[in-house]
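Engineer: predicted model and sequence below, questions to follow.
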Amino acid sequence: ACPDLSGATEAFHVLRANGFRERFAALPAQSRAELKDTIRWNLAAGEALTVADLDRAWAARRAVYDRVATFFTRHDFLRLAGTGVLLVAGTGLLEACGSGSTQTAASTGATSGAGKYPSQGLSNQVPDPTNAYWSLWTAGVTAAAPTVNLVVQTATTNNDVSTQINLMQEEATKAIKLVVLTVADTSIVPQVANIAAQNGMWFGNSHSHPAWVMAETLGEHYSVFTTPDNFRMAYELGTSLFTAIGGKGQVINIEGVPGFAASILRSAGYQAAAKAFPGIEIVASDYGYFNRVQTAPVFQRLFSAHPNVKAVVCASDDSAMGAISVLRSRGAKGILTVGIDAIPDYLAEIESGQYAHATCTIYGTWNGAWLTARVFDAFHGFKPDPLERMMVTGHTVIDSAASAKAYQKTFLNGAGADRYNPALMSRVLHPNDWRPQNAMRIFVPDEQWPHSQPKPTGFAPPADWAASLKAGNLQKLNQEYASRFAALNPAAGIGKPVTA
């Protein structure tokens, strides 16, 4: 007997080509010519892909995973003639049946101490597979899974609320107990938490959460919410950009997704930075959905209406790449952009010095790995301090060719997964010597949410959160996280320090 792997080869080729596109698309023609022929072929194939191609590939990958998972509910082993294993990092696809193993690394039992815990399925839900940040996130999830004995199943929500709710319900029917995700809209967080609680699922969420709603009030199965300091990042990037253009000029703002917390806060940060420069005017804003394909026509329209702009502030690097494609096609000169995520092709743009001024890395690979470890811990009984249920995570501004090159070399060759030790992120596997491996601090509502929404009358945090705060645990925990990060800092030496 053999699991049905039909569609795996086609999906693999599409996702591989897309990976080469994300990494090498920004290279000038002269540099492309120096690449070996197989890389050039994959790059060309990636640039020819459409969003529909990627959607089909991710759907095929999911179907293969489901068929293999079903197969192993009826069979315990595969007897094979060969010993070769082809593991496709970052996609989770394995080719071969009759000529090699169909196990993922997570199913081999080589789990750095997690082997005594039964293998579990983990649902990795990403909003947009065409955005390189989510490829990095998924690489982190995939790298962490073997260390905590998990089998990863990645699905795409396409930033659609109904798709995500249906996906959560579908995963529940498959007895999936662990989930890492970013919600398509802040409004569905309570509904996602309710599905998780009803079905004994533990989930970690990043980037988008409703203001003035504490994670703890949504039940213990909402194990953690993480977010970079989106307002502060955008403020720092905006300040750097507006200084670079001489403190005056018109600016276009490309936002992310309506109702998405990170988008709201990043836009607020850019606006706050603009207010500090009397000569800066944000003349137009619209949504680019964190995606270059959707951003390009939006920016084309805005740029046609405001041809004298000096700068473009973007909610993500992928959107910035969409804006740059328009600027380049129209031969625009002297216009700078900023973005967030530190994806490979935008870093290459920073190195070129033409349209990209700066970006901010939020360590996507780390985020995927850390959330994976945290939901594993929650499933196996770890109880964090109430203050640890919501955390602010580290970021680093990258605003020079040297820092862009250093970050690319350190974190994006192989998606940077080898820079981290996911097992040490687990408080269950390493209760005494755990290491966060990124800057982290406690999320304080009064510091974060006023930037996006005024504090409601009568708001009060949960009693045990308030009690922990009163006991002085905020300072103690922040100091502990800082100390443990200093003991293992994968970002040491890449330029500016990591700040949370």
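Structural biologist: Perfect, thanks for sending it. Quick caveat, the model's predicted, so the values are computed rather than measured. Numbers count the residues shown, from 1 in each chain.
Engineer: contacting residues for residue 144?
Structural biologist: 150, 368, 369, 370, 372, 373, 422, 425 (C-beta atoms under 8 Å, 6 or more residues apart in numbering). C-beta coordinates here come from the backbone N, C-alpha and C atoms, glycine included.
Engineer: so how far is residue 353 from the second one?
Structural biologist: What that stands for is residue 368. Distance, residue 368 to residue 353, using C-beta to C-beta, to the nearest Å: 31 Å.
Engineer: okay, those two: which has more neighbours?
Structural biologist: residue 368 (31 against 11; other C-beta atoms under 10 Å).
Engineer: just give the nearest non-adjacent residue to that one, would you?
Structural biologist: Spatial nearest neighbour of residue 368, excluding adjacent residues (C-beta to C-beta, 6 or more residues apart in numbering): residue 140 at 3.0 Å.
Engineer: so which helix or strand takes in that neighbour?
Structural biologist: helix 132-144 (DSSP states H and E).
Engineer: residue 260: neighbour count?
Structural biologist: Residue 260: 24 neighbours (other C-beta under 10 Å).
Engineer: surely it touches residue 187?
Structural biologist: No: using C-beta atoms under 8 Å as the test, residue 260 is too far from residue 187 to be in contact (10.4 Å).
Engineer: residue 363 reaches residue 410, doesn't it?
Structural biologist: No: counting by C-beta under 8 Å, residue 363 does not reach residue 410; the two are 11.0 Å apart.
Engineer: show me the common contact partners of those two, please.
Structural biologist: residue 491.
Engineer: which of the two has more neighbours?
Structural biologist: Shown here are residue 363 and residue 410; by other C-beta under 10 Å, residue 363 has more neighbours (30 against 16).
Engineer: burial measure for the residue nearest to residue 368, as a count.
Structural biologist: 28.
Engineer: now do the contacts for it.
Structural biologist: Per C-beta under 8 Å, 6+ apart, neighbours of residue 140: 364, 365, 366, 367, 368, 369, 370, 372, 415, 417, 420, 422.
Engineer: remind me what the host helix or strand of residue 205 packs against, helices and strands.
Structural biologist: Assigned by DSSP H and E, residue 205 belongs to strand 202-206. Judged by 3 or more C-beta pairs under 8 Å, 6 or more residues apart in numbering; DSSP states H and E, strand 202-206 is in contact with strand 178-181, helix 189-198, strand 222-228, helix 364-379.
Engineer: with distance to residue 479 added, can I get those in TSV?
Structural biologist: Formatted as TSV, the helices and strands packed on strand 202-206 follow (distance: least, C-beta to C-beta, whole Å):
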stretch	distance to residue 479
strand 178-181	27
helix 189-198	30
strand 222-228	19
helix 364-379	19
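Engineer: how about these in JSON lines, adding mean pLDDT and distance to residue 11?
Structural biologist: Output for these, formatted as JSON lines (pLDDT from 0 to 100; distance: least, C-beta to C-beta, whole Å):
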{"stretch": "strand 178-181", "mean pLDDT": "98", "distance to residue 11": "21"}
{"stretch": "helix 189-198", "mean pLDDT": "97", "distance to residue 11": "27"}
{"stretch": "strand 222-228", "mean pLDDT": "97", "distance to residue 11": "29"}
{"stretch": "helix 364-379", "mean pLDDT": "96", "distance to residue 11": "20"}
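Engineer: so which of the ones you listed gets nearest residue 12?
Structural biologist: Each of these has some distance to residue 12 by C-beta to C-beta; the shortest is helix 364-379, at 20.3 Å.
Engineer: what about that closest one, distance to the chain center?
Structural biologist: Mean-position distance between helix 364-379 and its chain equals 12 Å (C-alpha atoms, centre = their mean, to the nearest Å).
Engineer: give me the residues contacting the following helix or strand past that helix.
Structural biologist: As assigned by DSSP H and E, the chain's next helix or strand after helix 364-379 is strand 390-393. Strand 390-393 is contacted from outside by 209, 214-215, 224-229, 362-363, 366-367, 370, 438-443, 448, 500, using C-beta under 8 Å, 6+ apart.
Engineer: redo that, cut-off 6 Å
Structural biologist: 215, 225, 226, 228, 229, 438, 440, 441, 443, 500 (C-beta atoms under 6 Å, 6 or more residues apart in numbering).
Engineer: and what of stretch 21-40?
Structural biologist: For stretch 21-40, using C-beta under 6 Å, 6+ apart, the contacting residues are 43, 46, 47, 132, 344, 345, 348, 349.
Engineer: I'd say the last one and residue 356 touch.
Structural biologist: Yes: if you go by C-beta atoms under 6 Å, residue 349 and residue 356 touch, sitting 3.5 Å apart.
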